[in-house]
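1. could you look at this predicted model? Sequence included:
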Amino acid sequence: MLRISKLNAGYGSFQALFNIDIEVNFGEAVAVIGPNGAGKTTLMRAVSGLIPVKSGSVDMEGVDLINTPSHDIVKLGIAHVPEHRRLFPRMSVEDNMKMGSFSPQFREKYAERLEFVYNLFPRMKERRNQLAGTMSGGEQQMCAIGRALMSDPKILLMDEPSAGLAPVIVQQVFELIDKIKSDGLTVLIVEQNVKQVLKVVDRAYILEAGSLRMQGSSKKLLGSKEVQKAYLGM
Ligand SMILES: Nc1ncnc2c1ncn2[C@@H]1O[C@H](COP(=O)(O)OP(=O)(O)O)[C@@H](O)[C@H]1O
Ligand SMILES: [Mg+2]
C-alpha cells in the first residue's frame, strides 16, 4: 500500500535519512522505532510531503508522492498525526475536528466522519465544546487522532503518540491504537516506547542515526537479544 524505497532526505545540506526502504501493507500496523534524533519525524514529514526529498521514492497504491503537494497527499488517503499533536488549543474539540476535514472533498462527509470519530472516542463527544488546550494530555492525543481520522484515511501516520504522557495515559493511547487497528485501518507509527509499541504492531523497523538497522515481526524483535539490550533494558 505504502512503499518507501531508497529514500534520502534531510534539511538543506544536512542529510537525516539514508537509503530507507519501508513497506506497509493494507491492514497492517507497522512501527518505526528509534532514539531521539534518529530521523523518525523526518520520515513522517517526507511521506506527508512536508519536506522535500533528495532522492528515492515514496508511493501510495502506485501513486508517486514525491511530486504530489501535501494537500493532495491527504486526498490520497494519508493522514498524519504530528509530533506534539499540534492541536488548536483555543478552539473547541469539535472545531479541531472540523479542521481535519477542511477541503471540499472532505466537507461533504463531515457529519458522517464526525459521527464515526465520536463513536470511536465517546469521550470526545462529551468534550466537544471544551477548548482543546484545556484537556488532559491523553484526551488531547485522542483529539489529534480523531482530527486525522476526519479525512477518512486509508493509512494513519502517527508521530510518537505516547510522548510526554503519564504512564497510565500511555497505556490508554496504545489501547486506542489497538482499537484503530482492529477497525481495519492501516497504521504507520513512530515511537520510542519500544516495549508497548511492539505489543500493538505486526512488524517494526529499527532506525538509528538515519539508517535502518533491523526489521522483522514484533515477536522476532521482542525476542532479539540486541533489541532487548538496546531498547528494553534487559
Ligand atoms: N527543521 C530541521 N532543520 C534542521 N535539522 C533538523 C530539523 N528537524 C530535525 N533535524 C535534524 O534531523 C535529525 C533527525 O531529526 P528527527 O527526524 O526530528 O528525529 P526523531 O524524530 O527521530 O527524534 C536530527 O539530527 C535533527 O537535529
Ligand atoms: Mg520526532
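-> Perfect, thanks for sending it. Ligands and ions are numbered 1, 2, ... in the order given.
2. tell me where this structure has helices.
-> 40-48, 70-75, 93-99, 104-107, 110-120, 122-126, 137-149, 167-182, 194-200, 218-223, 225-231 (DSSP state H).
3. among the ones you listed, which gets the worst mean confidence?
-> Ranked by mean pLDDT, the helices of the chain end with helix 104-107 in last place, scoring a mean of 76.
4. off-centre distance for it?
-> Remark: helix 104-107 is offset 22 Å from the chain centroid, using C-alpha atoms, centre = their mean, to the nearest Å.
5. next, the contact list for the residue nearest to Q15 when sequence neighbours are not counted, please.
-> Spatial nearest neighbour of Q15, chain neighbours left out: N8 (6.4 Å); criterion: C-beta to C-beta, 6 or more residues apart in numbering. For the C-beta atoms, the positions are set from N, CA and C on the backbone; glycine is no exception. N8 sits next to 15, 17-20, 53-56 when contact means C-beta atoms under 8 Å, 6 or more residues apart in numbering.
6. not counting residues beside it along the chain, what's closest to Y11?
-> I51 (7.1 Å).
7. ok, back up a step: the helices of the chain: which one's closest to M60?
-> Nearest to M60 among the helices of the chain is helix 70-75 (7.7 Å), distances taken as C-beta to C-beta.
8. return that closest one as CSV; C-alpha atoms alone will do.
-> In CSV, the C-alpha atoms belonging to helix 70-75 read as follows (Å, rounded to 0.1, in the frame of the first residue of the first chain):
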residue,chain,number,x,y,z
SER,A,70,0.9,17.7,0.7
HIS,A,71,-2.8,18.8,0.5
ASP,A,72,-3.2,16.2,-2.4
ILE,A,73,-1.4,13.6,-0.3
VAL,A,74,-4.2,13.8,2.3
LYS,A,75,-6.7,13.2,-0.5
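9. please name every helix or strand in contact with that helix.
-> Contacts defined by 3 or more C-beta pairs under 8 Å, 6 or more residues apart in numbering; DSSP states H and E place helix 70-75 against helix 40-48.
10. buried residues in stretch 169-180?
-> For stretch 169-180, a neighbour-count test (16 or more other C-beta atoms under 10 Å) marks 169-170, 172-174, 176-177, 180 as buried.
11. ok, the nearest residue to R107 once chain neighbours are set aside - contacts?
-> With sequence-adjacent residues excluded and distances taken as C-beta to C-beta, 6+ apart, R107 is closest to S101, at 5.9 Å. Applying C-beta under 8 Å, 6+ apart, we find S101 in contact with 107, 109-110, 113, 150-151.
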